[in-house]
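# next come a sequence and a model predicted from it.
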Amino acid sequence: MSLSLIDLFEISQERTEKLFHLYLKEIPTPAPILQQAMAYAVFNGGKRIRPLLVYAIGHVLDVAYEKLDAAACSVEMIHSYSLIHDDLPAMDNADLRRGKPACHKAYGEAMAILAGDALQAFVFQLLAIHPSSLNTEQRLAMVIALSEASGPYGMAAGQALDITIMDKNIALDKLTHMNQLKTGALLRASIKLGMLAAPPQDEKTQFALEEYAECIGLAFQIQDDLLDMEGDTETLGKPQGIDVINNKVTYPMLLGVEETKLRVRELSDMAIEAIQPLGKKAEILREVTEYLFQRRQ
């Protein structure tokens, strides 16, 4: 069955919003204010790129949506928790997120930290308990994939490097490695989660999707660096130029704007080339790729 990008967005939004509402609003918790802060961060807009990738891979591999729901919601909750913590005064010190007050501005620093902690922990509960036809081995593999991508071997490590590396003469390969951890790991995990919901794939398919994930994971962060430099606060929904304010090392600073734009295009072309062996069934991934690298926020 063919699927347009608009169709995929609608499926992703509808299914994830339903689960977010169930777990973050309908089912009560012992601390309502904590639940409100969690919901505030998750429902505070956003493009939902990571769930979109989960469902896109599921479509390519003919996976039933009910097998993808928990993974799609989990990866977005991890992303939301990371944004809460990124915005804190001890990190990026950003007052805006998606055009609204950051979680710590709306609920205070202590509650924001707890909301991030709670979202991170709940992710793994969700993967374990949410009703679906996933077997135990698939659920465990998803837990391992997402914890690896978000912890000391992935996103957290990348963020730690990001706040400690201030050397403007840093080698490009070191900056690339940092961004592969900081942003790329969770995007790659989104694709891996979709693959884990499917039966084991042949080597050609697995290699193609892994190569695709590597390319878009890095390109996405480089695009963010460009948007931070060239965008405006109203469009971005967060303070423009915060990387410069925080003395962050970025691709445009090292390579210049035009060379950085060329690098994004090269990586997006490489991503599309990687999935060529998959033929027509990967058309939705080509559309997703074009969308990702034409975005302005």
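The structure has been received and is ready for your questions. Numbering: from 1, shown residues only.

# the longest helix along the chain packs against which elements?
What stands out as the longest helix in the chain, according to DSSP state H, is helix 203-230. Secondary-structure packing of helix 203-230 (3 or more C-beta pairs under 8 Å, 6 or more residues apart in numbering; DSSP states H and E): helix 49-60, helix 172-179, helix 185-196, helix 242-245, helix 251-255, helix 257-274, helix 283-292. To be clear about C-beta, it is placed using only N, CA and C from the backbone, and glycine gets the same treatment.

# quick one: the strands in the stretch 1-150 of the chain?
96-97, 100-101 (DSSP state E, counting those that start in this stretch).

# out of the ones you listed, which is closest to Asn179?
strand 96-97 (20.2 Å; C-beta to C-beta).

# ok, and for the longest helix of the chain, which residues are buried?
By 16 or more other C-beta atoms under 10 Å, the buried positions in helix 203-230 come out as 205, 208-209, 211-229.

# also stretch 21-38?
Neighbour counts over stretch 21-38 (16+ other C-beta under 10 Å) mark 23-24, 34-38 as buried.

# how near is the closest residue to Pro28 other than its chain neighbours to Leu24?
Spatial nearest neighbour of Pro28, chain neighbours left out: Gln35 (7.5 Å); criterion: C-beta to C-beta, 6 or more residues apart in numbering. Distance, Gln35 to Leu24, using C-beta to C-beta, to the nearest Å: 6 Å.

# equivalent analysis for Gln120, please.
Distance, Gln120 to Leu24, by C-beta to C-beta: 14 Å.

# quick one on the thing from earlier: of all the helices and strands packed on helix 203-230, which one is nearest Ser2?
So among the helices and strands packed on helix 203-230, helix 283-292 is nearest, using C-beta to C-beta, at 7.6 Å.

# counting by contacts, list what the closest one packs against.
Packing contacts for helix 283-292, counted by 3+ C-beta pairs under 8 Å, 6+ apart, involve helix 5-21, helix 49-60, helix 203-230, helix 257-274.

# okay if I get the ones you listed as a markdown table plus distance to Pro152?
Output for the helices and strands packed on helix 283-292, formatted as a markdown table (distance: least, C-beta to C-beta, whole Å):
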| stretch | distance to Pro152 |
| --- | --- |
| helix 5-21 | 27 |
| helix 49-60 | 20 |
| helix 203-230 | 18 |
| helix 257-274 | 26 |
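
# and the ones you listed as JSON lines, adding distance to Gly158 and mean pLDDT?
JSON lines is the format used below for the helices and strands packed on helix 283-292 (distance: least, C-beta to C-beta, whole Å; pLDDT from 0 to 100):
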{"stretch": "helix 5-21", "distance to Gly158": "24", "mean pLDDT": "96"}
{"stretch": "helix 49-60", "distance to Gly158": "15", "mean pLDDT": "97"}
{"stretch": "helix 203-230", "distance to Gly158": "9", "mean pLDDT": "91"}
{"stretch": "helix 257-274", "distance to Gly158": "17", "mean pLDDT": "95"}
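
# and the ones you listed: which comes nearest Ile129?
Here helix 5-21 is closest among those (C-beta to C-beta), at 12.1 Å.

# now the closest one: buried residues?
5, 8-9, 11-12, 15-16, 19-20.

# any idea how many residues pack against the residue lying closest to Thr205 once chain neighbours are set aside?
Closest residue in space to Thr205, ignoring its immediate chain neighbours: Leu278 at 6.4 Å, by C-beta to C-beta, 6+ apart. For Leu278, the neighbour count with other C-beta atoms under 10 Å is 18.

# confirm that Leu278 sits in a helix.
Yes - under DSSP: H, G, I helix; E, B strand; the rest coil, Leu278 falls within a helix.

# who touches it in this structure?
Neighbouring residues of Leu278 by C-beta atoms under 8 Å, 6 or more residues apart in numbering: 60, 205, 208-209, 285.

# ok, the residues you listed vs Ala94, which is closest?
When these are compared against Ala94 (criterion: C-beta to C-beta), the nearest one is Leu285, at 31.5 Å.

# separation between that closest one and Arg188?
In terms of C-beta to C-beta, Leu285 sits 14 Å off from Arg188.
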